[in-house]
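> Pasting a predicted model and its sequence here:
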Amino acid sequence: MRASVLFPLFPGSGDDALPFADLVGEGAAERLWMGTSLLAETQQYMAFLAGAGYRIRVGTSVNLTPLRHPFQAALEARSLALLTGRPVVAGFGGSHPRFVASMLGRPYERPASAVRDYVAEVRAVLDGRDGLLPPVAHPGVEVGVGVLRPGMARAAGAVADVAITWMTPPGYIGDTLAPALREGAGRDREPPRIATVVHAAVDRPGRVAERLAYLAAANHLSLPQYTDMLRRAGTDAHADDPVAGAMRLVEDGVFLFGAPDEIAAGLGAYARAGVDEVVVNTMGVLASEGVGAAARDAAEILRALAGAR
């Protein structure tokens with residue numbers, strides 16, 4: 001299992017994510033992941049990193065499909081592969097229906113089908129099947145889909161190279177999502193590999209796990225698609241009570257808290273569930289103590305995980 005790191009914040013300046021990019025540049029992490037940013041735009045920020053000398057692997061977890069045409073999405077992803085000189089993961093997700101409606105005038109009637117068709121079109125552009133992009137040699141782009149529930153997993157299985165999961169317990173991945181990915185892939189293609197973003201924090205004096213879990217995950221714990229996924233996985237979370245949801249994340253080991261070697265052991269369960277790449281997310285520490293403390297936690301967890309492997 002590969003180990004990567006997420007910079008879990010909107011970057012507001014060029015220096016914000018550098019401690020996390022350093023972890024990839026130094027070889028502690030496989031890839032730097034970032035989500036959609038409404039401050040410094042994600043692809044532009046990654047291109048800035050390349051220009052600043054960080055020729056590292058990057059991935060988006062995830063870009064929102066209403067924000068760009070599939071052709072533009074393919075062009076931006078290929079541009080990052082050219083600029084970084086490294087393979088890129090371009091991950092996409094459909095977002096909340098209200099956001100989709102605000103961008104497109106109406107929500108997707110069938111979100112999984114809409115994302116499947118979008119990703120298929122991005123792949124077609126990248127592969128040159130529509131003749132729109134001039135051919136050029138580059139390190140490669142994997143196209144990913146954000147996956148929470150079986151319907152989207154089946155859609156991802158049909159078209160994606162990577163299924164990107166967030167806050168998904170390992171048992172749920174192995175028992176529910178992985179079979180749905182295989183079902184979607186059918187007999188004609190290999191199912192996507194799985195990359196999973198996992199919340200974690202090192203146990204240090206003065207830290208309270210439940211508080212860090214709330215700071216890390218309150219926004220997602222307030223969204224019905226995430227709490228529905230968690231209930232399917234056996235964690236009793238509800239969108240109207242993110243405080244209680246954060247407590248359940250800690251109790252059920254979805255938010256990993258402890259010594260670095262204990263966290264590494266918890267991450268090992270994802271490998272056993274079939275996850276190809278685990279992405280360490282120290283957002284709770286970042287929100288509480290800042291970028292430096294969050295990067296230090298990530299570094300210690302990644303070192304412990306490398307030692308365990």
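Everything's here; your move.
> dump the residue contacts of the nearest residue in space to F71 that is not next to it in sequence.
Closest residue to F71 apart from its sequence neighbours, by C-beta to C-beta, 6 or more residues apart in numbering: V125 at 5.4 Å. In short, each C-beta sits where N, CA and C put it, glycine included. By C-beta atoms under 8 Å, 6 or more residues apart in numbering, V125 lies in contact with 70-71, 74-75, 132-133.
> V125: which element?
Per DSSP states H and E: V125 is located in helix 111-126.
> buried sites along that helix?
Neighbour counts using 16 or more other C-beta atoms under 10 Å place 111-112, 114-119, 121-126 of helix 111-126 among the buried residues.
> again, but for stretch 226-240
Buried, per 16+ other C-beta under 10 Å, within stretch 226-240: 226-227, 229-230, 232-233, 235, 237-238.
> now swap in stretch 285-301 and tell me
Across stretch 285-301, burial judged by 16+ other C-beta under 10 Å covers 285-289, 291, 293-301.
> pLDDT of it, averaged?
Taken as a whole, stretch 285-301 has a mean pLDDT of 98.
> Quick check: most distant residue from the centroid of this protein.
Most distant residue from the mean C-alpha position of the chain: G131, 30.1 Å away (C-alpha atoms, centre = their mean).
> ok so, going back, check which element follows the helix holding V125 along the chain.
Scanning onward from helix 111-126 (DSSP H and E), the first element met is strand 141-147.
> Tell me where the chain has strands.
2-7, 32-34, 58-64, 88-93, 141-147, 162-166, 193-202, 256-258, 277-281 (DSSP state E).
> helices and strands around the longest one, which ones?
Contacts defined by 3 or more C-beta pairs under 8 Å, 6 or more residues apart in numbering; DSSP states H and E place strand 193-202 against strand 58-64, strand 162-166, helix 209-221, strand 256-258, helix 260-272, strand 277-281, helix 283-289, helix 291-308.
> Can you give the strand pairings for that strand, parallel or anti for each?
When sheet partners are counted by DSSP bridges, strand 193-202 sits next to strand 162-166 (parallel), strand 256-258 (parallel), strand 277-281 (parallel).
> angle of it against strand 58-64?
With axes from the mean of the first three to the mean of the last three C-alpha atoms, to 10 degrees applied, the angle from strand 193-202 to strand 58-64 works out at 100 degrees.
> If you average the pLDDT over strand 193-202, what comes out?
pLDDT averaged over strand 193-202 gives 98.
> so how far is it off the chain centroid?
Distance of strand 193-202 from its chain centroid, counting by C-alpha atoms, centre = their mean, to the nearest Å, is 8 Å.
> how far off strand 2-7 does that strand point, in degrees?
Strand 193-202 runs at 60 degrees relative to strand 2-7, counting by the same axes, to 10 degrees.
> buried ones in strand 193-202?
193-202.
> Show me which of these is closest to Y270.
T196 (5.6 Å; C-beta to C-beta).
> Quick check: beta-bridge partners of that closest one?
Note on T196: beta-bridge partners T165, V278, judged by DSSP bridges.
> mind checking how far the residue nearest in space to the middle of the chain is from A137?
Central residue of the chain (C-alpha atoms, centre = their mean): S61, 3.5 Å from the mean position. For S61, the distance to A137 (C-beta to C-beta, to the nearest Å) stands at 26 Å.
> Same check on G206?
Distance of G206 to A137, given as C-beta to C-beta: 52 Å.
> what number of residues lie near P224?
11 (other C-beta atoms under 10 Å).
> circling back to that earlier point, quick one: the residue nearest to F71 from V147, how far?
In this structure, V125 and V147 are 22 Å apart, going by C-beta to C-beta.
> lowest confidence element among the helices and strands of this protein?
The weakest-scoring helix or strand in the chain, judged by mean pLDDT, DSSP states H and E, is helix 97-104 (a mean of 91).
> Now do the buried residues in that helix.
Buried residues in helix 97-104 (16+ other C-beta under 10 Å): V100.
> what's the angle between it and helix 111-126?
50 degrees.
> Can you name every helix or strand that helix 97-104 contacts?
Counting by 3+ C-beta pairs under 8 Å, 6+ apart, helix 97-104 packs on no helix or strand.
> ok, residues contacting that helix?
Against helix 97-104 from outside (C-beta under 8 Å, 6+ apart): 64, 66-67, 94, 106-108, 111.
> Give the full set of residues in contact with D228.
R149.
> where's it relative to I263, distance?
27 Å.
> just to revisit the earlier point, of all the buried residues of helix 111-126, which comes closest to G25?
L126 (25.9 Å).
> Contacts only, for the closest residue to that closest one other than its chain neighbours.
Spatial nearest neighbour of L126, excluding adjacent residues (C-beta to C-beta, 6+ apart): A74 at 4.9 Å. Going by C-beta under 8 Å, 6+ apart, A74 touches 90, 122-123, 125-126, 133, 141.
> In a markdown table, list the buried residues of helix 111-126 along with pLDDT and distance to P179.
Shown next, in a markdown table, are the buried residues of helix 111-126 (pLDDT from 0 to 100; distance: C-beta to C-beta, whole Å):
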| residue | pLDDT | distance to P179 |
| --- | --- | --- |
| P111 | 94 | 20 |
| A112 | 96 | 16 |
| A114 | 97 | 23 |
| V115 | 97 | 19 |
| R116 | 98 | 18 |
| D117 | 98 | 23 |
| Y118 | 98 | 24 |
| V119 | 98 | 20 |
| E121 | 97 | 27 |
| V122 | 98 | 25 |
| R123 | 97 | 23 |
| A124 | 97 | 27 |
| V125 | 97 | 30 |
| L126 | 97 | 28 |
